[in-house]
Structures are given as C-alpha cells and as structure tokens.
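Visitor: Everything below, folded, please.
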Amino acid sequence: MFQQSSKQYYILVFLLFISVLYGFQKHVEVNKQQDFLEPHLKEMVGNLQSETNTISSIMQRLMSEKEIPYAQWVQLKNGFNYIEDTSYEIEKLAKAIYPRHSDGLQFATKTSASLIAEELRYIEETLLEEDMDRLDTVAFPTEVEATLVRIHDTAAGWSEATNPFIGLPSNLLSRTGWVDMLKEMEDDSIAYQGDYGS
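Guide: Model (predicted):
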C-alpha cells in the first residue's frame, strides 16, 4: 500500500510539474503575442487618429471656403480609404481580444468610410474636370452642400472620438479605451448611414 501511495505521489508531482511548465509556456506565448500586437495596435490607432484629424481639418476648410486645392481633395479621398481599412483591422482586433467589451460593434465605420469614398468619387466624376493639377482649386456648387455637410459632421465626430489617443499609453493593449473609441466612431458612422442618400 505504501508503494502505491509513493507512486501516486510521484505521478502527482510529475503532473503538477507538467502543469506549471505548460502554464509558464502559455504565459510566455501570451507575452510574445502582446509584444507583437502592442506596437502594431499603437501604430494603427495613432495613424487613424492622425488621419481623422487631417480629414476633419480639410473638411472644415472646405465648408468655410467652399473650395480646396486638388491636392487636398486627393488627400481627402485617400484618407477615407485609409480609415475604411484601418478601422476594420482595429475592430477585428477588438473583437478578438475583448469580445464582450466590443459587443455591438458592426463595422459601421468601415461601411461609412466606404460610402463617403464612393460619394467623393461620384462628385469627382460628375463635377470635377479631368487631368487636374495638384495646385488647381476645386470649388463645390451648392447642390452638393448637403452631402458635404454630412461628410463634415461625420469626420468631425471621428476626429473628436480619436483625439484622446494623442500620446498613446504604453500599455494600450491591456486597456479598453481604444475599443470605446471605436464605439464612439461607430455612433457617428451610424448617424451618417441614417442620413445617407437623403
């Protein structure tokens, strides 16, 4: 009987050692994943913040002056395409890392950015001259003002949502503020989609 207890004791110690070793390996693996994802997430959130501020200021200028240089028009179109792609990638990360906290995110920002880019392409095809130079000025007639106001309001909301992320914290991945940022952006995106086509 004593030898069986001794065998059981050694098996238990062995299993406990294997469990500790497995747990340590998982801990190291999670740390490696976080070390990889943290700078990637910081870069994406920082670039998203920069892009939303840029398009918001271009839209503000467009609304006040009713014209912008063609180079800024191109930057505006590219900015919305970038927001479409980046918001999608960040939202996928949010759903993978914080599924409960990101519950309700529906990729609305990606969709709205895509719709805005389409509206800008339509405006360019119907109202702008072909082969414009970067320094040419793009003036907008009053018939597209309602569209531009909706785009401006959405861009301003996105910029406001991303502004708290100037000077990103070092442990961004372990906080949920960036998921809340996506939710705020999504509110403005859903509002844009509600007014889309009107």
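
Visitor: Please enumerate the helices of this structure.
Guide: 2-65, 70-97, 108-127, 145-162, 177-195 (DSSP state H).

Visitor: Format those as TSV; extra columns: distance to Arg134.
Guide: To be clear about C-beta, it is placed using only N, CA and C from the backbone, and glycine gets the same treatment. As requested, these are exported to TSV (distance: least, C-beta to C-beta, whole Å):
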stretch	distance to Arg134
helix 2-65	14
helix 70-97	4
helix 108-127	14
helix 145-162	21
helix 177-195	28
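
Visitor: Quick check: Ile18 vs Ser5, distance?
Guide: Here the criterion is C-beta to C-beta, to the nearest Å. By it, Ile18 lies 20 Å from Ser5.

Visitor: circling back to that earlier point, which among the helices of the chain is found nearest to Leu135?
Guide: helix 70-97 (7.1 Å; C-beta to C-beta).

Visitor: how distant is that closest one from the center of its chain?
Guide: Computed by C-alpha atoms, centre = their mean, to the nearest Å, the chain-centroid distance of helix 70-97 equals 6 Å.

Visitor: now it: mean pLDDT?
Guide: Across helix 70-97, pLDDT averages out at 92.

Visitor: Please apply the same query to stretch 133-149.
Guide: 86.

Visitor: same thing with stretch 184-197?
Guide: Here the average pLDDT along stretch 184-197 is 86.

Visitor: which residues touch stretch 73-92?
Guide: 41, 44-45, 47-48, 51-52, 54-55, 58-59, 62, 68, 102, 105, 107, 109-110, 113-114, 116-117, 120-121, 124, 128, 134, 138, 158, 178, 182, 185 (C-beta atoms under 8 Å, 6 or more residues apart in numbering).

Visitor: still on that earlier bit, same list, the helices of the chain, but as a markdown table with mean neighbour count please.
Guide: Formatted as a markdown table, the helices of the chain follow (neighbours: other C-beta atoms under 10 Å):
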| stretch | mean neighbour count |
| --- | --- |
| helix 2-65 | 13 |
| helix 70-97 | 19 |
| helix 108-127 | 19 |
| helix 145-162 | 20 |
| helix 177-195 | 19 |
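
Visitor: State the distance from the spatially most central residue of the chain to Val45.
Guide: Geometric centre of the chain, nearest residue: Ser87, 2.6 Å, by C-alpha atoms, centre = their mean. Separation of Ser87 from Val45 (C-beta to C-beta): 10 Å.
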